[in-house]
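> got a sequence here, can you build the structure:
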Amino acid sequence: MSSTDWRRQKVEDHKFDFIDVEDYIDNSFWRKFKYSLVFAIVIKGILIYCADLWTAVNLLVSGKWSSNLGVQNGQISFRDIKISFEIYKWIFAACIILSFILLAWDMKKAVAIIQSRDISYAFTSMIAYRYYAVKSYAHFCLFQKIHNSKKTIDEIAFFCFFTFRGWKRLLFADGPRQVINGIILITVINKNRDPQGNLNLAVWSYENFSQLTLVTMGLMTFTLTLWVISVLLMLVAVFLYIPLVIHIQGNLKEFCCHKIDKR
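Sure thing, here's the model as predicted:
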């Protein structure tokens with residue numbers, strides 16, 4: 001079959017109203033374990049937004065950070081680069097505010113998708129997907145049935161689709177502040193080496209850093225690590241996207257929705 005045949009196939013849109021999701025329940029241990037991971041992912045997402053909110057409030061309300069975080073004389077210094085803390089503060093806060101705006105926009109679209117009860121749109125919306133999954137184990141089993149019935153080319157298409165969906169958040173809401181986070185963490189590490197210039201875990205104690213500073217650095221490291229992983233996944237998706245589009249010869253979202261409805 002030609003790679004473009006999917007565009008000529010007529011597949012009806014499927015809605016939750018027309019199926020009984022209870023028919024797809026799988027009580028295997030592995031399926032239930034994967035279901036528990038959904039809650040872990042949701043909790044992780046909530047914690048990330050709580051960390052962002054805490055950081056934004058800490059910046060805007062206190063208006064200052066400890067000198068242990070690389071702030072001296074109202075500036076953040078890294079090699080020959082000097083950034084005014086006021087500029088840094090507002091860049092960081094603006095990125096966090098933008099992330100909440102993007103979240104609100106995604107939630108608005110997810111509400112419309114949930115109200116439509118369209119299965120393919122719910123599967124391709126992470127918020128709608130998690131809403132249905134948390135709401136009902138049967139819905140999660142249905143989504144897993146759809147996921148497990150995909151071919152290799154479908155797996156690549158869905159990977160690229162879901163990875164690209166977060167590009168605005170990755171580049172504009174997370175990018176600037178995570179770059180600055182990286183600069184601050186490198187500066188802190190370089191400032192707190194032992195006399196021989198090596199990393200010494202004894203330096204990283206409550207005697208040298210306040211509890212607030214350690215919590216802040218922990219949150220920085222956590223969010224920076226997640227961002228680096230996301231960037232790497234985005235680069236992989238970009239590398240796969242061109243041969244994928246050449247193969248399917250069509251719109252990526254239409255291809256994904258078509259495959260879901262077909263399954």
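
> test my guess that residue 93 contacts residue 56.
Yes. With contact defined as CB atoms under 8 Å, residue 93 counts as touching residue 56 (5.1 Å). Where you see a C-beta, it was placed from the backbone N, CA and C, and this is true even at glycine.

> what helix or strand does residue 88 sit in?
In this structure, residue 88 is located in helix 85-116 according to DSSP states H and E.

> could I get the buried residue list for that helix?
Burial within helix 85-116, assessed by neighbour count using 16 or more other CB atoms under 10 Å, is assigned to 85, 88-89, 92-93, 95-96, 98-99, 103, 106, 110, 113-114.

> and stretch 164-173, by the same measure?
Residues 164, 166, 169, 170, 173 are the ones in stretch 164-173 that count as buried (16+ other CB under 10 Å).

> distance between the ends of that stretch?
Start to finish, the residues bounding stretch 164-173 are 15 Å apart (CA to CA, to the nearest Å).

> could you list the low-pLDDT ranges of the protein?
Scanning the chain for pLDDT under 70 picks out the ranges 1-13, 59-83, 149-150, 192-210, 212-213, 261-263.

> quick one, strands of it?
71-72, 75-78, 81-84 (DSSP state E).

> out of the buried residues of helix 85-116, which is nearest to residue 250?
Each of the buried residues of helix 85-116 was checked against residue 250 using CB to CB; the closest is residue 113, at 21.6 Å.

> isn't the closest one right up against residue 130?
No. Taking CB under 8 Å as the contact criterion, residue 113 and residue 130 are not neighbours in contact, 12.0 Å apart.

> only alpha carbons, please: show stretch 180-193 as PDB.
Output for stretch 180-193, consisting of C-alpha atoms alone and laid out as PDB, is shown next (Å, rounded to 0.1, in the frame of the first residue of the first chain):
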ATOM      1  CA  ILE A 180      20.200  31.600  33.300                       C
ATOM      2  CA  ASN A 181      19.700  28.800  35.800                       C
ATOM      3  CA  GLY A 182      22.600  26.900  34.200                       C
ATOM      4  CA  ILE A 183      24.800  30.000  34.400                       C
ATOM      5  CA  ILE A 184      23.900  30.400  38.100                       C
ATOM      6  CA  LEU A 185      24.500  26.800  39.000                       C
ATOM      7  CA  ILE A 186      27.900  26.800  37.200                       C
ATOM      8  CA  THR A 187      28.800  30.000  39.000                       C
ATOM      9  CA  VAL A 188      27.800  28.500  42.400                       C
ATOM     10  CA  ILE A 189      29.800  25.300  41.700                       C
ATOM     11  CA  ASN A 190      32.900  27.300  40.700                       C
ATOM     12  CA  LYS A 191      32.700  29.600  43.700                       C
ATOM     13  CA  ASN A 192      32.400  26.700  46.200                       C
ATOM     14  CA  ARG A 193      35.200  24.300  45.300                       C
END
